[in-house]
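In: compute the structure for the input listed below.
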Amino acid sequence: MNTSTVILIGGFLGAGKTTLMRRAAAMFADRGQKTGVVTNDQAAGMVDTRFFIQEGIPVREVSGSCFCCNFNGLVDALQTLRSGVSAEVILAESVGSCTDISATIMQPLKEKYRRDFIVGPLSVVLDPARLSEVFPPPDVPDNPLLPRLHESAVYIARKQMEEADILLLNKKDTLDAEDLDRLTAFLRKTCPQARVLALSALNGEGMEEWLAALRGHAGAGGRLAQVDYDVYAEGEAALGWLNAAARLKAPAGAGDWRHFCECFTQTLNRAFQEEKACVGHVKVLLWVEGCPQSLTANSVSTGGLFSLHGGLPAGAAEVDLLVNARVEMSPDALRRIVLRSLNEACAALRLEHSVLSLDSLSPGRPEPTWRYDRVIEA
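Out: I've put the predicted structure just below:
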């Protein structure tokens, strides 16, 4: 059996990793390369996993911990895609609050599974707006109305950049030429070990250059970050983590699901603003079982507008809902806000709903299966 190329993708919450993987998977498929995806989360019930299923992309989910703390689960997922669907390329997206990937994932893969996998360079995805929180301009005062990331969460984001082989400045379409030049120059100075590329996973600009860089990059995982696990654990614990699933029904017939999504996300937004809680990422997905269409809503900042994409078939009377929220607040408070917002949106539109599952938690201390102190040659 041939080897599969594993492309690990890191980056903080809301950077656009999933959008990047969706577009990359489509581009590999267009070239005739069988492609699989591994998603990762602290709890089961990921929006990302369901979205890849809806698009017909082979996907395996590693849930309950990050890749580094469940290395064997990651290897099982990779082997299943390699043998089960003969995936030539496997895209693996780590949890947005995860770092130390080179030491805990890339090195053991290179040493223990070199017959099965070729490990590609680690690409870390950056959101330009989040970058200003990680490295705030010295001459710009803080806005007291906009909550900032916990300092230990900022530490995680910086460590992600420190170990990157390739830094991807995403959302290029939101930047003018001057800001683009300024940010790329800053990244090259701050992270001289990494190749810096700018792209837009949303519209595809710059994707070809990134895929070419993956093929031509030597020495993947060539750098180990020096990580203080006490600070790392504090940064992860600062986030409340929620995954919820529900079923919605319009008793009078077809539901206006886009309107529901707008009401639900606007109510969530107001609640997070009132709590002055820093939003890492909130994702909402509505779909009908057996139908490839879906409706998604996404927000990566407190007070920021949710972006809505897609749609559901006309006449749908019953839909499934997934909510993934990562917000700097206690898990109990996050749970109350999500359930209250769901109840209010359903009541406003006279929808029936039942909650099928709900997990709310703060991630525990990272305990890697492996942690190498040396770089393994490919």
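In: contacts only, for residue 68.
Out: The contact partners of residue 68, taken as Cβ atoms under 8 Å, 6 or more residues apart in numbering, are 98, 100-101, 104-105, 366, 368-371. (Each C-beta comes from the backbone N, C-alpha and C, glycine too.)
In: burial count for the residue lying closest to residue 279 once chain neighbours are set aside?
Out: In space, and not counting its chain neighbours, residue 279 is closest to residue 302: 4.7 Å by Cβ to Cβ, 6 or more residues apart in numbering. Residues lying near residue 302 (other Cβ atoms under 10 Å) number 21.
In: where does residue 302 sit: helix, strand or coil?
Out: Classification of residue 302 using DSSP: H, G, I helix; E, B strand; the rest coil returns coil.
In: ok, it to residue 127 distance?
Out: From residue 302 over to residue 127 the distance is 14 Å, taken as Cβ to Cβ, to the nearest Å.
In: over to residue 362?
Out: 23 Å.
In: between the two, which one's more packed in?
Out: With neighbours defined as other Cβ under 10 Å, residue 362 and residue 127 compare such that residue 127 has more, 24 against 15.
In: need the phi and psi values for the more buried one.
Out: Main-chain dihedrals, residue 127, degrees, to the nearest 10: phi -100, psi 120.
In: neighbours of the nearest residue to it once chain neighbours are set aside, just the number please.
Out: Once flanking residues are discounted, residue 127 sits nearest to residue 15: 4.6 Å by Cβ to Cβ, 6+ apart. Residue 15 sits with 29 neighbouring residues when counted by other Cβ under 10 Å.
In: repeat that for residue 237.
Out: Neighbours of residue 237 (other Cβ under 10 Å): 18.
In: what are the ranges of the helices in the stretch 201-350 of the chain?
Out: Per DSSP state H, counting those that start in this stretch, the stretch 201-350 of the chain carries helices over the ranges 207-216, 229-237, 257-274, 331-348.
In: sorry, wrong one. I was asking about the stretch 51-200 of the chain.
Out: 71-84, 101, 107-112, 128-134, 151-162, 177-190.
In: can the ones you listed go into CSV with extra columns for mean pLDDT, mean neighbour count and distance to residue 324?
Out: Shown next, in CSV, are the helices of the stretch 51-200 of the chain (pLDDT from 0 to 100; neighbours: other Cβ atoms under 10 Å; distance: least, Cβ to Cβ, whole Å):
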stretch, mean pLDDT, mean neighbour count, distance to residue 324
helix 71-84, 97, 18, 19
helix 101, 97, 25, 21
helix 107-112, 96, 19, 27
helix 128-134, 89, 17, 17
helix 151-162, 96, 21, 17
helix 177-190, 95, 13, 28
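In: in TSV, list the ones you listed along with distance to residue 248.
Out: As requested, the helices of the stretch 51-200 of the chain are arranged in TSV below (distance: least, Cβ to Cβ, whole Å):
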stretch	distance to residue 248
helix 71-84	31
helix 101	37
helix 107-112	41
helix 128-134	31
helix 151-162	33
helix 177-190	40
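In: what's the closest of these to residue 240?
Out: Residue 240 lies closest to helix 151-162 among the helices of the stretch 51-200 of the chain, at 12.2 Å (Cβ to Cβ).
In: any idea how far residue 320 lies from residue 236?
Out: In this view, residue 320 and residue 236 are 29 Å apart by Cβ to Cβ.
In: more neighbours: which of those two?
Out: A count of neighbours by other Cβ under 10 Å puts residue 236 above the other of residue 320 and residue 236, at 24 against 16.
In: quick one: residues contacting the nearest residue to the more buried one once chain neighbours are set aside.
Out: Closest residue in space to residue 236, ignoring its immediate chain neighbours: residue 363 at 4.1 Å, by Cβ to Cβ, 6+ apart. Residues in contact with residue 363 (Cβ under 8 Å, 6+ apart) are 42, 66, 97, 236-237, 239, 241.
In: which SSE is residue 363 in?
Out: For residue 363, there is no host helix or strand (DSSP states H and E).
In: distance of the residue nearest to residue 279 from residue 26?
Out: Distance of residue 302 to residue 26, computed by Cβ to Cβ: 32 Å.
In: repeat that for residue 221.
Out: Taking Cβ to Cβ, one finds residue 221 at 26 Å from residue 26.
In: pick out the most distant pair among the contacts of residue 68.
Out: Of all pairs drawn from the contacts of residue 68, the widest gap by Cβ to Cβ lies between 98 and 370 and measures 14.4 Å.
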